[in-house]
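Trainee: Quick one, structure for this:
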Amino acid sequence: MNRGLTVKVTTTVPRPSDEVFDHAAAMRPEALVQRRGPMPGIVRAEGAIPYTAVGDIRTLSMSDGNTLTETLTAIEPPSRYAYTVSSFAGWFAALATAADTTWFFEEADGATTVTWQVEFIPNGTAGRLFLPFVVQSFWPGFMAASLDRLKTSLTEDVTA
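Mentor: Below you'll find the model as predicted:
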């Protein structure tokens with residue numbers, strides 16, 4: 001059931017899905033998600049790294065001074081994992097109450113297509129009115145930059 005506003009980005013990594021999945025689940029969040037435009041990056045993560053079991057929790061300290069909570073809701077190696085982001089604060093809290101996030105890993109011909117999908121749950125009228133603009137304007141590039149860091153870290157690790 002679609003409750004909110006969904007955005008997704010995709011990249012292809014020239015590695016098998018089990019390797020890409022394991023690397024993504026274990027990658028330090030602050031190395032993956034960095035500030036871009038008005039979107040804050042993660043400066044510190046505490047808790048479950050890597051994700052291993054449903055219910056794992058991470059607390060993320062953001063570059064804007066706010067803190068978010070990620071709770072793992074599904075993990076199916078090497079095909080997907082999902083988590084809910086909650087505790088939005090600052091200006092974004094006026095627009096969204098939570099985000100349901102899923103990472104998909106699909107292997108074909110020795111390469112893995114990684115899709116990162118986020119469904120934002122609007123917060124009232126302000127969220128329904130302004131969240132589409134914010135998400136469509138800033139999130140695809142923000143997410144694509146993170147997937148580029150994932151891809152680079154995998155290809156550098158392999159060739160180093």
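
Trainee: Now tell me what touches the helix or strand of the chain with the lowest mean pLDDT from outside.
Mentor: Of all helical and strand segments in the chain, the minimum by mean pLDDT, DSSP states H and E falls on helix 29-32, at a mean of 82. With CB atoms under 8 Å, 6 or more residues apart in numbering as the test, helix 29-32 has contacts from 41, 42, 43, 44, 45, 49, 58, 60, 146, 149, 150, 153. Every residue, glycine included, has its C-beta placed from N, CA and C.

Trainee: Let me know the closest of those to residue 111.
Mentor: Residue 111 lies nearest to residue 150 out of the contacts of helix 29-32, by CB to CB, at 13.8 Å.

Trainee: Neighbours of the closest one, how many?
Mentor: Residue 150 has 20 neighbouring residues, counting by other CB atoms under 10 Å.

Trainee: tell me which element it is part of?
Mentor: Secondary structure assignment for residue 150, by DSSP states H and E: helix 124-159.

Trainee: quick one: the least confident helix or strand of the chain to chain centroid distance?
Mentor: Taking the mean of its C-alpha atoms, helix 29-32 sits 10 Å from the chain's own mean (CA atoms, centre = their mean, to the nearest Å).

Trainee: Contact partners for residue 83?
Mentor: 51, 70, 71, 72, 73, 101.

Trainee: Report the beta-bridge partner residues of it.
Mentor: Residue 83 has these beta-bridge partners by DSSP bridges: residue 72, residue 101.

Trainee: From residue 119, how far off is it?
Mentor: 12 Å (CB to CB, to the nearest Å).

Trainee: any residues in contact with both of the two?
Mentor: residue 101.

Trainee: shaky segments in the chain?
Mentor: 1-2, 157-160 (pLDDT under 70).
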